[in-house]
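Participant: Predicted structure and sequence below. I'll ask about it afterward.
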Amino acid sequence: MTRLSVNINKIATLRNARGGNNPDVIKTALDCERFGAEGITVHPRPDERHIRYSDVMQLKDVVTTEFNIEGYPDPRYMEIIAKAKPAQATLVPDGPHVITSNAGWDTVVHQSFLVDITKELKRLGARVSIFVNPDIKMVEGAAKAGADRIELYTEPYASGYHKNREAAVKPYVEAAKVAEKLGLGLNAGHDLDLDNLEFLAKSIPALDEVSIGHALIADALYLGLENTIRLYLRALR
């Protein structure tokens, strides 16, 4: 059964736009869990334009589902993982000024770096997921780097879904088959929403987890957070 991890970055973005503590990021995370979310995801960037270091330190003490921390594995990120001890560390190749993740790792070019980082993250007790495009070589490279899972970058799938969903999902199905053969767990995320999520989940039965933030929070503005989370869970079931 595919688990839903809610990325709460956008809640922090809204809070930071006005100052103060409204909406309350910590309360929102707890509410997401109460409404059925099976994980909480954050991506603390160096400029703290959404999730802050202090948010992570508070969340680590209260999240009771899986806590997933995304980020580029620079020294600051590694320090956060060491202190927060999340269930999962998801490695993304974003630079500090990238608005949002827009590509997966080249796990061949960066193989040596990823091997060292993965080994250290495992020493710290985290499950390691590497963000990759649906490319078989990149999946194989993640396995060689020692990753426990991969997270498939799904923006291309979402972009092609309404034009030809079978063609859009095909490379993801193939990548998933390779991952399964290599013993990798399988996550997915980016631009997944209530339109395209169910088809992806049905096409990839081995999918362990999806991490969804922007679309889910946007839907919650109209549908309410509790109802929205239940609708996303229904799409996955």
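Facilitator: Structure's in. What do you need?
Participant: Where does the prediction get shaky in this structure?
Facilitator: The model of the chain has pLDDT under 70 over residues 95-102.
Participant: Need the phi and psi values for I117.
Facilitator: phi -70, psi -40 (degrees, to the nearest 10).
Participant: can I assume it is in contact with Y72?
Facilitator: No: checked against CB atoms under 8 Å, the pair I117 and Y72 is beyond contact range at 10.0 Å. Backbone N, C-alpha and C define where each C-beta goes, glycine included.
Participant: Identify the contacts common to these two.
Facilitator: Between them, I117 and Y72 share these contacting residues under CB atoms under 8 Å, 6 or more residues apart in numbering: L91.
Participant: So these two - more neighbours on which side?
Facilitator: Taking neighbours as other CB atoms under 10 Å, I117 and Y72 compare with I117 leading, 21 against 17.
Participant: count of neighbours near the residue lying closest to that one once chain neighbours are set aside?
Facilitator: Using CB to CB, 6 or more residues apart in numbering and skipping residues adjacent in sequence, the residue nearest I117 is P73, 4.6 Å away. P73 has 20 neighbours, counted by other CB under 10 Å.
Participant: now do K83
Facilitator: Count around K83 with other CB under 10 Å applied: 12.
Participant: Which helix or which strand is home to it?
Facilitator: K83 is part of helix 75-84 when elements are defined by DSSP states H and E.
Participant: which outside residues touch that helix?
Facilitator: Helix 75-84 has contacts (CB under 8 Å, 6+ apart) with 44, 46, 53, 56-57, 59-60, 67, 69, 71, 89, 117, 120-121, 124, 126.
Participant: hmm, try it at 6 Å
Facilitator: V56, K60, G71, A89, L124, A126 (CB atoms under 6 Å, 6 or more residues apart in numbering).
Participant: No more questions from me, cheers.
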